[in-house]
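Visitor: One predicted model, sequence on top.
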Amino acid sequence: MAHFPFKMADVELLKTEAYVQGTWTAASSGKRFDIEDPGTGKVFASCPDFSASDVDAVVESSSRAFEEFRKENPRSRAQKLLEWDRLIRESKDDIAQVLTYESGKPLAEAHGEIEYALGFTWWFAGEAERIRGNLSIPSQPNRRVVVTKQPIGVCVALVPWNFPIAMILRKVGAALAAGCTIIAKPSPETPLTCLILANLAVKAGFAPGVFNVITSSMDNTPEVAERLCKHPLVKKVSFTGSTTIGSLIAKHCAEGLKKVSLELGGNCPFIVFDDCNQEQACEELLKLKWRHAGQACVTANRVYVQSGIYEEFVATLAKRTSILKLGHGMSSDTTIGPLTTKRGVSKAQKHVEDAIEKGGKVIVGGKSGKGLGDGFFFEPTIIRDAKQSMLISQEETFAPVLAVYRFDSEAEVVKNANDTSMGLASYFFTKNIDRAWRLLENLEAGMIGMNTGNSSAAESPFGGMKLSGYGKESGKDVAVEEYLVSKTGTMTLEGHY
Ligand SMILES: O=CCCC(=O)O
């Protein structure tokens with residue numbers, strides 16, 4: 001048995017093989033890849049390195065399982081989802097530790113992610129029994145038209161490393177509620193929690209092949225993803241990650257006309273008007289921005305503050321940020337953890353240097369976390385006097401770097417907020433109700449936070465517009481719909497009608 005740097009109450013929970021057709025499985029090559037602790041940079045586990053040649057057998061397993069699972073009644077699917085929910089909750093202390101080691105996020109945040117993620121199992125258990133078709137009388141009066149909904153078939157979830165539990169449960173929960181089988185391919189950085197979820201899914205009663213998990217290294221991931229997307233038996237792919245990779249996934253899927261949903265990059269604006277509740281705006285911004293060290297697609301990348309309160313707001317922000325404690329996620333006094341990847345540190349550095357060159361002033365942080373060992377640390381950083389011409393305005397930073405811009409009018413800030421190819425989330429804080437309605441309509445984003453920095457919830461549709469992708473996850477009807485096909489039946493009636 002592997003020796004991990006943490007103690008688990010249930011030592012059988014964490015497996016380090018892929019999970020296929022009810023069996024813990026190695027790659028056919030026998031090769032494995034390493035998993036690093038971002039808080040130390042040290043390898044603490046490894047997983048099988050699947051390649052494209054391993055994919056067909058996995059898809060075939062999911063396809064066989066689908067032939068049975070599609071016939072299972074919705075109440076039974078709901079009961080299994082609820083049991084899965086219960087088992088995950090029961091093991092949450094163990095799961096949170098593994099999540100902290102693979103992602104770097106502080107233990108309290110790991111618990112927060114599990115709580116958020118369990119919203120999805122709970123929600124989709126309810127949705128399973130509420131899938132509805134409809135019946136109508138068409139223009140020809142001797143006919144009746146019925147629309148019935150059926151599970152689409154074998155699905156694939158390509159999942160990122162920033163919220164490896166929540167993103168799995170958001171996709172897999174919806175697929176299982178719909179009656180689909182699903183193959184999850186977690187990110188090479190964070191496969192372990194996904195394997196724990198598979199272990200618990202079996203205990204919850206899902207049959208072999210209903211939920212398969214394959215793991216692969218950074219090198220093999222592109223070919224594995226391509227093979228999954230192009231496999232004729234795969235009918236739907238759900239991807240969360242960067243816009244660059246998302247557009248590649250869409251291309252792979254286009255060939256076979258696969259249904260796809262894409263949750264891509266953010267570069268989200270956060271707008272603070274003079275008339276807002278400043279305490280509320282500041283509090284919400286701090287929670288949103290420093291969540292997982294700025295590595296959320298919905299995080300605030302660009303903060304626009306109106307001139308009248310700019311100095312005061314920036315000073316409060318700086319004061320409250322400078323007390324954050326950067327450290328390993330398992331240390332009890334850590335309030336902000338490392339980045340999950342080394343390349344994240346380089347990108348943060350590049351954005352800070354570019355901002356300084358273009359006239360921005362670093363008022364908190366600005367450097368990688370020296371003195372903290374070999375972990376992937378970057379100080380929580382605030383740059384004031386930011387400008388639209390900076391790199392940070394054009395690209396998602398995905399790091400604990402916050403750029404603050406000054407603005408005067410509503411028209412000016414709407415123009416600048418929308419001046420991005422992305423359209424995932426936008427946030428604004430104001431007490432003016434007319435302005436709130438205008439902003440809701442004029443901001444180009446799939447999710448608008450109005451006097452809140454958090455609109456992510458199992459019961460609300462999640463998804464963007466523009467280059468932030470398409471398709472909705474979570475929320476009533478829309479999320480499960482992504483995993484269904486509609487069939488229209490038309491019947492001619494004879495006799496009196
Ligand atoms: O980073 C993407 C997901 C974040 C969320 O679900 O709030």
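Guide: In hand now; what should we look at?
Visitor: wait, doesn't residue 5 sit right on residue 37?
Guide: Yes - contact between residue 5 and residue 37 holds when scored by Cβ atoms under 8 Å: they sit 7.1 Å apart. All C-beta spots, glycine's among them, are computed from the backbone N, C-alpha and C.
Visitor: Those two - which one has more neighbours?
Guide: residue 37 (25 against 13; other Cβ atoms under 10 Å).
Visitor: for that one, what are its contacts?
Guide: Each residue near residue 37 by Cβ atoms under 8 Å, 6 or more residues apart in numbering is listed here: 5, 43, 44, 101, 102, 104, 375.
Visitor: Among the residues you listed, which one sits closest to the ligand?
Guide: residue 104 (14.6 Å; Cβ to the nearest ligand atom).
Visitor: For stretch 386-405, measure first residue to last.
Guide: By Cα to Cα, to the nearest Å, the extent of stretch 386-405 from end to end equals 5 Å.
Visitor: just to revisit the earlier point, okay, and the common contacts of residue 5 and residue 37?
Guide: What both residue 5 and residue 37 touch, as defined by Cβ under 8 Å, 6+ apart, is the set 44, 101.
Visitor: Check the contacts of residue 37 and tell me the two furthest apart.
Guide: Maximum pairwise distance among those (Cβ to Cβ): 14.2 Å, between 43 and 104.
Visitor: For the helix or strand where residue 344 lies, output the C-alpha coordinates as PDB.
Guide: Per DSSP states H and E, residue 344 falls inside helix 342-357. Output in PDB follows, covering the C-alpha atoms of helix 342-357 (Å, rounded to 0.1, in the frame of the first residue of the first chain):
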ATOM      1  CA  LYS A 342       4.200  25.800 -11.300                       C
ATOM      2  CA  ARG A 343       3.200  27.400 -14.700                       C
ATOM      3  CA  GLY A 344       0.500  29.400 -12.700                       C
ATOM      4  CA  VAL A 345       3.300  31.100 -10.800                       C
ATOM      5  CA  SER A 346       5.000  32.100 -14.100                       C
ATOM      6  CA  LYS A 347       1.800  33.600 -15.500                       C
ATOM      7  CA  ALA A 348       1.100  35.600 -12.400                       C
ATOM      8  CA  GLN A 349       4.700  37.000 -12.500                       C
ATOM      9  CA  LYS A 350       4.300  37.900 -16.200                       C
ATOM     10  CA  HIS A 351       1.000  39.800 -15.500                       C
ATOM     11  CA  VAL A 352       2.500  41.700 -12.600                       C
ATOM     12  CA  GLU A 353       5.600  42.700 -14.600                       C
ATOM     13  CA  ASP A 354       3.500  43.800 -17.500                       C
ATOM     14  CA  ALA A 355       1.200  45.900 -15.300                       C
ATOM     15  CA  ILE A 356       4.200  47.600 -13.600                       C
ATOM     16  CA  GLU A 357       5.700  48.400 -17.000                       C
END
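Visitor: now what about it, what contacts it?
Guide: Residues contacting helix 342-357 (Cβ under 8 Å, 6+ apart): 41, 295, 339, 362, 366, 368, 376-378, 381, 383, 386, 390-392, 395, 397-401, 403.
Visitor: what packs against the following helix or strand past it?
Guide: Sequence-wise, the next helix or strand downstream of helix 342-357 (DSSP H and E) is strand 361-364. Helices and strands in packing contact with strand 361-364 are listed as helix 307-322, helix 342-357, strand 381-384; criterion 3 or more Cβ pairs under 8 Å, 6 or more residues apart in numbering; DSSP states H and E.
Visitor: What pairs with strand 361-364, parallel or antiparallel?
Guide: Strands that pair with strand 361-364, judged by DSSP bridges, come out as strand 381-384 (antiparallel).
Visitor: from the chain's centre, how far out does the partner strand sit?
Guide: Taking Cα atoms, centre = their mean, to the nearest Å, one finds the center of strand 381-384 at 26 Å from the center of the full chain.
Visitor: centre of the chain versus whichever helix or strand comes after it, how much separation?
Guide: Using DSSP H and E, the helix or strand that follows strand 381-384 in sequence is helix 391-394. Mean C-alpha position of helix 391-394 versus that of the full chain (Cα atoms, centre = their mean) differs by 22 Å.
Visitor: Using CSV, write down the CA coordinates of helix 391-394.
Guide: The C-alpha coordinates for helix 391-394 follow below in CSV (Å, rounded to 0.1, in the frame of the first residue of the first chain):
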residue,chain,number,x,y,z
LEU,A,391,-2.2,41.9,-20.2
ILE,A,392,-4.2,41.4,-17.0
SER,A,393,-7.1,43.2,-18.7
GLN,A,394,-7.0,41.0,-21.8
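Visitor: what's it in contact with?
Guide: In contact with helix 391-394 (Cβ under 8 Å, 6+ apart) are residues 267, 301-302, 350-351, 354-355, 383, 386-387, 401, 403, 405, 419-420.
Visitor: swap in stretch 275-286?
Guide: 270, 272, 300, 303, 309, 312-313, 316-317, 320-321, 427, 429-432, 449, 451-454.
Visitor: Now for whichever residue of the stretch 201-350 of the chain sits closest to the ligand, how many residues are close by?
Guide: Closest residue of the stretch 201-350 of the chain to the ligand, Cβ to the nearest ligand atom: residue 297 (3.5 Å). Other residues near residue 297 come to 27 when the count uses other Cβ under 10 Å.
Visitor: Kindly report the same for residue 478.
Guide: Residue 478 has 16 nearby residues by other Cβ under 10 Å.
Visitor: got the contact list for it?
Guide: By Cβ under 8 Å, 6+ apart, the contact list for residue 478 reads 461, 472.
Visitor: Can you tell me how far it is from residue 167?
Guide: 17 Å (Cβ to Cβ, to the nearest Å).
Visitor: Over to residue 153?
Guide: 21 Å.
Visitor: Neighbour count for the two, which is higher?
Guide: Legend: neighbour count by other Cβ under 10 Å for residue 153 and residue 167, higher for residue 167 (29 against 20).
Visitor: what's the nearest residue to the more buried one once chain neighbours are set aside in contact with, if anything?
Guide: Leaving aside its sequence neighbours, residue 167 sits nearest to residue 159 (Cβ to Cβ, 6 or more residues apart in numbering; 4.7 Å). Residue 159 is in contact with 167, 168, 171, 184, 185, 186, 187, 194, 240, counting by Cβ under 8 Å, 6+ apart.
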